[in-house]
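J.: this one's structure only:
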């Protein structure tokens, strides 16, 4: 471990959120509750979209994609974090660490791209309503969704390979609650400049490009809404756009802060808090912001509830 000629550790220890027993129990209960809300909220969205023919359109197709991503994204991180909170053994194998980092990066990037596609879909629906069905046809929607998944998972392969080719000679203790690139870089006795440049390039292409596309879409949407003469319709549209932008800014802001900044500015306590926001909190908020206020989905869920009660 101390010799830089050694290739890597065979196992890592995840130090987690806290070493204080009472706090560990509190964190376990809190994140278990968040995880259950995340799973139930996103599963309800998927069920609602699958059961109702009225919801078989591009907006709900991408929304169900987002729900699947959020379930997988949260499941990649939270169960291991919960296990470590109440277990004495906080280790993770090299392969397990690589798999966790790979799926975390892949699903996080997929969510970035899907959110951008959803913003473009809303822009087309509001700003070009007459051409909407011809532009957002089924073929294009499938291509866009597939492209988001494929590009993100291929991009994650590159980072996983580059990261786990590094020699981890300084320590096998990861000062974090899951395997993420910035804390892993700090364990390497080799210069990680190349890895950081690769992160900046992919982060700029995926996260910043997606965020700018979303901002441009919503600027056009808001400019169109301003021309709506109906006060109630205008207020509703503004409210919906505002809630979407809050979640999007929340998600992209934390990712950009975590990955697109100098390696020297890494501070474990602060960065753990930032990582919690986009890996644990955002997957819980997405179905609430995008779906709970949606009358169509609420209507479907109520009908499903009544049907189940009848049987």
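T.: Right, received. Where do you want to start? Here the structure is a predicted model, which is why all the values come from computation and not from measurement. Numbering: from 1, shown residues only.
J.: surely residue 14 touches residue 92?
T.: Yes. Between residue 14 and residue 92 there is a contact at 5.9 Å, judged by Cβ atoms under 8 Å. No exception for glycine: its C-beta is placed from N, CA and C like everyone else's.
J.: quick check: neighbours shared by the two?
T.: Listed as contacting both residue 14 and residue 92 by Cβ atoms under 8 Å, 6 or more residues apart in numbering are 80, 179.
J.: quick check: the gap between residue 203 and residue 192.
T.: Distance of residue 203 to residue 192, given as Cβ to Cβ, to the nearest Å: 15 Å.
J.: now stretch 219-227: buried residues?
T.: For stretch 219-227, the neighbour count (16 or more other Cβ atoms under 10 Å) marks 220-221, 225 as buried.
J.: just the helices in the stretch 1-150 of the chain please.
T.: For the stretch 1-150 of the chain, the helices defined by DSSP state H, counting those that start in this stretch occupy 21-51, 58-86, 94-127, 132-135, 138-163.
J.: would you reformat those as CSV and include mean pLDDT, mean neighbour count and distance to residue 184?
T.: Output for the helices of the stretch 1-150 of the chain, formatted as CSV (pLDDT from 0 to 100; neighbours: other Cβ atoms under 10 Å; distance: least, Cβ to Cβ, whole Å):
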stretch, mean pLDDT, mean neighbour count, distance to residue 184
helix 21-51, 91, 17, 22
helix 58-86, 94, 21, 15
helix 94-127, 94, 21, 7
helix 132-135, 92, 13, 42
helix 138-163, 95, 16, 6
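J.: buried stuff in stretch 272-280?
T.: Neighbour count says stretch 272-280 has 272, 275-280 buried, by 16+ other Cβ under 10 Å.
J.: and the furthest pair within those?
T.: Farthest apart among the buried residues of stretch 272-280 by Cβ to Cβ are 272 and 278. That separation is 11.9 Å.
J.: need the contact list for the closest residue to residue 111 other than its chain neighbours.
T.: Leaving aside its chain neighbours, residue 111 sits nearest to residue 69 (5.0 Å; criterion: Cβ to Cβ, 6 or more residues apart in numbering). With contacts defined as Cβ under 8 Å, 6+ apart, residue 69 is in contact with 107, 110-111, 114.
J.: that older thread, now tabulate the helices of the stretch 1-150 of the chain in TSV and tack on distance to residue 197.
T.: Below are the helices of the stretch 1-150 of the chain laid out as TSV (distance: least, Cβ to Cβ, whole Å):
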stretch	distance to residue 197
helix 21-51	33
helix 58-86	25
helix 94-127	16
helix 132-135	37
helix 138-163	10
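J.: determine which of those approaches residue 215 most closely.
T.: helix 94-127 (8.5 Å).
J.: and the closest one, what does it pack against?
T.: If contacts are counted by 3 or more Cβ pairs under 8 Å, 6 or more residues apart in numbering; DSSP states H and E, helix 94-127 sits against strand 11-14, helix 58-86, helix 132-135, helix 138-163, helix 181-185, helix 209-226, helix 231-259.
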